[in-house]
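>>> Sharing a sequence plus its predicted fold:
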Amino acid sequence: MDITLLKVHGSMNTFYMVEGPERQDYDQLALQLAELDQGIDGLLVILPSATADAKMRVFNRDGSEASMCGNGLRCVARYVCERGNLTNAVIETMKAHLHVEKEQTLMDGIATYSVEISPVSFQLTDLPMTYDGREELILTPLPFVSEDVPFTAVAVPNPHLIGLVPGSFQADESHQKRWAETFNGPNDYFSDGVNVSYVTKVEDGIFVRTFERGVGFTNACGTAMTASALVSCMAGIVPYGDVYVYNPGGMVKCSVSKEGDRISLKLTGNASYLSKHVFDWKDTSEDSRFVSADDLGEQANYEKFSRQTSAVARQFVG
Ligand SMILES: N[C@H](CCC[C@H](N)C(=O)O)C(=O)O
């Protein structure tokens, strides 16, 4: 069956995106595409919705489905807004209806969208995480990991473990890799795995590197960057408000507000289209094949933008 795919990215977190009817085998499509293209982190599916402008489902490259994807939602937001000639929309996701909006471009030629990140929960049962009989883990070391890294566990609503670390933990990613692989394998703490982010203060914001559940290290993870901005505000590292978050794939703006117990999070960044493909989707990746690929000419502008922002990241990722 021939289907049309867009290859898209938010902060170089790269996906194939497909619009189609509800089906039970999109996880198989995600697995096939990951096998045929080592450069993608997952699959975004745009579906009809009875209660919103559209519905988004997101699959990691290992075929696992997640409840949310911040970078992916910006790309879905662009598609739905352009399809309906809208400047804002509501997208149904697994656990929430989220507002999305077209924004002023980050730089000429870079489509820019903001997305609501919600709901937010620090209840360990919402990740889930089991640790020491606790109900929450906020800015607290896990002694068996390190006495020097305060960790926070938060669901937005997908699960994140956020560590505030000195730059030395960024230059050598082995510590983060070891524990992310531990928590995403058979373990006593995260029965459903967890996205693990290490965060370091930089001059005008924070730098975040994420080892994503179901993927591995990615150029950026939108929900992780937003959760990291929230944790950095709670730790007093940056003031509440607009937090500039740098990552190996570029830079995004995370808007963090907290009024009493009410937390509001918004993620603003690029929604870039790389290429358009016709894919002949058969039962197995051996029989499936790309029929065509057309470059959409947007990446040169994004690379100009990321050259400016990657100077910050280069101090950590070389
Ligand atoms: N790996 C994530 C899903 C993708 C989220 C990420 N790509 C983002 O931009 O938020 C998880 O299993 O929860």
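That came through fine.
>>> First-to-last residue distance for stretch 252-266?
End-to-end distance for stretch 252-266: 10 Å, by Cα to Cα, to the nearest Å.
>>> Okay, buried residues for that stretch please.
Val252, Lys253, Cys254, Ser255, Val256, Ile263, Leu265, Lys266 (16 or more other Cβ atoms under 10 Å). In short, each C-beta sits where N, CA and C put it, glycine included.
>>> ok, residues contacting that stretch?
10-11, 114-118, 120, 156, 220, 222, 225-226, 228-230, 233-234, 240-245, 267-269 (Cβ atoms under 8 Å, 6 or more residues apart in numbering).
>>> Not counting sequence-adjacent ones, nearest residue to Asp295?
Nearest residue to Asp295, sequence neighbours excluded (Cβ to Cβ, 6 or more residues apart in numbering): Ser275, at 5.2 Å.
>>> give me every residue that touches Phe144.
Applying Cβ under 8 Å, 6+ apart, we find Phe144 in contact with no residue.
>>> Let me see the contact set for the closest residue to Ala111 other than its chain neighbours.
Distances taken as Cβ to Cβ, 6+ apart place Ala271 nearest to Ala111, at 4.9 Å, with adjacent residues excluded. Taking Cβ under 8 Å, 6+ apart, we find Ala271 in contact with Val8, Gly10, Arg74, Cys75, Ala77, Arg78, Ala111, Thr112, Tyr113.
>>> Break this structure down into its structural domains.
2-116+270-311, 124-264 (automatic domain parsing).
>>> wait, does the first one make contact with the ligand?
Yes. Against the ligand, domain 2-116+270-311 shows contacts by Cβ under 6 Å from any ligand atom at Asn13, Val58, Asn60, Ala66, Cys69, Gly70, Asn71, Gly72.
>>> got a pLDDT number for Gly72?
The score at Gly72 is 98. That number is its pLDDT.
>>> residue ranges with poor pLDDT in the chain?
317-318 (pLDDT under 70).
>>> now the helices for it?
26-36, 70-84, 168-171, 174-183, 222-234, 299-317 (DSSP state H).
>>> Single out the most deeply packed of these.
When the helices of the chain are scored by mean count of other Cβ atoms under 10 Å, the highest mean neighbour count falls to helix 222-234 (a mean of 28).
>>> by how many degrees do it and helix 70-84 diverge?
Counting by axes from the mean of the first three to the mean of the last three Cα atoms, to 10 degrees, helix 222-234 lies at 120 degrees to helix 70-84.
>>> quick one: helix 222-234 near the ligand?
Yes. Under the criterion of Cβ under 6 Å from any ligand atom, the ligand is reached by helix 222-234 at Gly222, Thr223.
>>> Extract the CA atoms of stretch 156-174 and return them as CSV.
Provided in CSV are the C-alpha atoms of stretch 156-174 (Å, rounded to 0.1, in the frame of the first residue of the first chain):
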residue,chain,number,x,y,z
VAL,A,156,4.8,15.7,31.4
PRO,A,157,3.0,13.3,30.9
ASN,A,158,5.7,11.0,29.6
PRO,A,159,8.3,10.1,32.2
HIS,A,160,11.5,12.0,32.8
LEU,A,161,14.4,11.8,35.2
ILE,A,162,16.2,15.1,35.3
GLY,A,163,19.8,15.4,36.7
LEU,A,164,21.4,18.8,37.4
VAL,A,165,25.1,18.2,36.6
PRO,A,166,28.4,20.1,36.2
GLY,A,167,29.9,20.4,32.7
SER,A,168,32.2,17.4,33.3
PHE,A,169,29.2,15.0,33.2
GLN,A,170,28.3,16.5,29.7
ALA,A,171,31.8,16.2,28.1
ASP,A,172,31.8,12.5,29.0
GLU,A,173,28.4,11.0,28.4
SER,A,174,29.3,7.6,29.8
